[in-house]
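> Kindly generate the corresponding structure for this input.
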Amino acid sequence: MHVHPMPDGPETGPASPSDDLEEVGRLLGGRGVAVLSGAGLSTESGIPDYRGATGSLRRHTPMTYQEFTAGEDGRRRYWARSHIGWRAIARAEPNAGHRAVEGLRRSGHVSAVITQNVDGLHRAAGTLGAVELHGGLDRVVCLDCGRTSGRADLDRRLDALNDGFRAAATGTRLNPDGDVQLPPELVDAFRIAPCEVCGGILKPDVVFFGESVPKARVQQCYDLVDAARALLVLGSSLTVMSGLRFVRHAARSGKPVAIVNQGATRGDPYATTRVALPLGAALTGLAERLAGSPR
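A predicted model of the protein is given here:
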């Protein structure tokens, strides 16, 4: 496994923010661009982000891995809130931004897609090879025996164990990690389901706050960035190192880094291009313009 040391700071000064997509278009026109997407790409599908103007971190603190594994109270709180939120995630459909990324991948302008999102919308748009850095909410893993299963199966089991729970939890606000806020009395009455094989602890197959991304998955992403000609960041504040490390690595390798996000990001000092535009319309325009360009 390669070692990827992090630079102490950006090697070039930050680019000025712009609403001009021309440089992004030129970057994509050269083909072989890796995409790193974040929660901002899914907001047009009705899934809120963490750190935008209406981001959920302004209202609540997400479940951490330490809380989830510490005891049944934490797991009950997570599964009660997630049981309500999951239906909204499952109903969400890819938006114009997801479809444009897939179009750019099919046309050869995008070589790889890495997403920090757990909503599965890149897959739903046809990007089956997208690397889901933080996993997917549509899968469940047993922490004891390691068995994975579909979220839809668990959803049915939880419904059977908690008759009337959904009706009592209407009108709640969805968070980007797929859960909702609930009153304590509803949470306290919720019954959680064990693994059907070994009776162990079930966890969504996602990387919680405070948990590490599997090393093999991180290395896969480094390899994709290494193989790309440039890196394009879409809808991510890059606040956590989980995604920022790939921006820093690309910049240190001398690759152009373009960021399209409606707000400042932690990766701005490493970017050669920064654009502040709504992603759906911006990416659709780029995909349509580049679709006819010769290979």
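
> use CA for all of it now, contacts and neighbours both
Fine.

> what does the model give residue 55 for pLDDT?
The model reports residue 55 with a pLDDT of 43.

> same question but for residue 192, I mixed them up
pLDDT, read off for residue 192, is 98.

> which residues of the stretch 51-200 of the chain fall in strands?
110-115, 131-132, 135-142, 148-150 (DSSP state E, counting those that start in this stretch).

> can I get the ones you listed in CSV with mean neighbour count, distance to residue 62 and mean pLDDT?
Listed next are those as CSV, based on neighbours: other C-alpha atoms under 10 Å; distance: least, C-alpha to C-alpha, whole Å; pLDDT from 0 to 100:
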stretch, mean neighbour count, distance to residue 62, mean pLDDT
strand 110-115, 24, 19, 98
strand 131-132, 22, 19, 98
strand 135-142, 21, 14, 97
strand 148-150, 16, 22, 97
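
> Which among those is found nearest to residue 47?
Among the strands of the stretch 51-200 of the chain, the nearest to residue 47 by C-alpha to C-alpha is strand 135-142 (13.0 Å).

> what packs against the closest one?
Secondary-structure packing of strand 135-142 (3 or more C-alpha pairs under 8 Å, 6 or more residues apart in numbering; DSSP states H and E): strand 148-150, helix 151-161, strand 202-206.

> Does anything pack onto the shortest one? Which helices or strands?
What that stands for is strand 148-150. Using 3+ C-alpha pairs under 8 Å, 6+ apart, the elements in contact with strand 148-150 are strand 135-142.

> Neighbouring strands of the strand it packs on in the sheet, and parallel or not?
Sheet pairing of strand 135-142 (DSSP bridges) gives strand 148-150 (antiparallel), strand 202-206 (antiparallel).

> So which of those strands is nearest residue 170?
The closest approach between residue 170 and any of the strands paired with strand 135-142, judged by C-alpha to C-alpha, belongs to strand 202-206 at 22.4 Å.

> CA-only coordinates of the next helix or strand after the closest one, as PDB, when you get a sec.
Using DSSP states H and E, the helix or strand that follows strand 202-206 towards the C-terminus is helix 215-227. Output of helix 215-227 as PDB, limited to C-alpha atoms (Å, rounded to 0.1, in the frame of the first residue of the first chain):
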ATOM      1  CA  LYS A 215      -8.200   1.400   4.400                       C
ATOM      2  CA  ALA A 216      -8.700  -0.600   1.200                       C
ATOM      3  CA  ARG A 217     -11.500   1.900   0.200                       C
ATOM      4  CA  VAL A 218      -9.300   4.900   0.900                       C
ATOM      5  CA  GLN A 219      -6.500   3.400  -1.200                       C
ATOM      6  CA  GLN A 220      -8.900   2.700  -4.000                       C
ATOM      7  CA  CYS A 221      -9.800   6.400  -4.000                       C
ATOM      8  CA  TYR A 222      -6.200   7.500  -3.900                       C
ATOM      9  CA  ASP A 223      -5.500   5.200  -6.900                       C
ATOM     10  CA  LEU A 224      -8.400   6.800  -8.900                       C
ATOM     11  CA  VAL A 225      -7.100  10.300  -8.100                       C
ATOM     12  CA  ASP A 226      -3.600   9.200  -9.200                       C
ATOM     13  CA  ALA A 227      -5.000   7.800 -12.500                       C
END
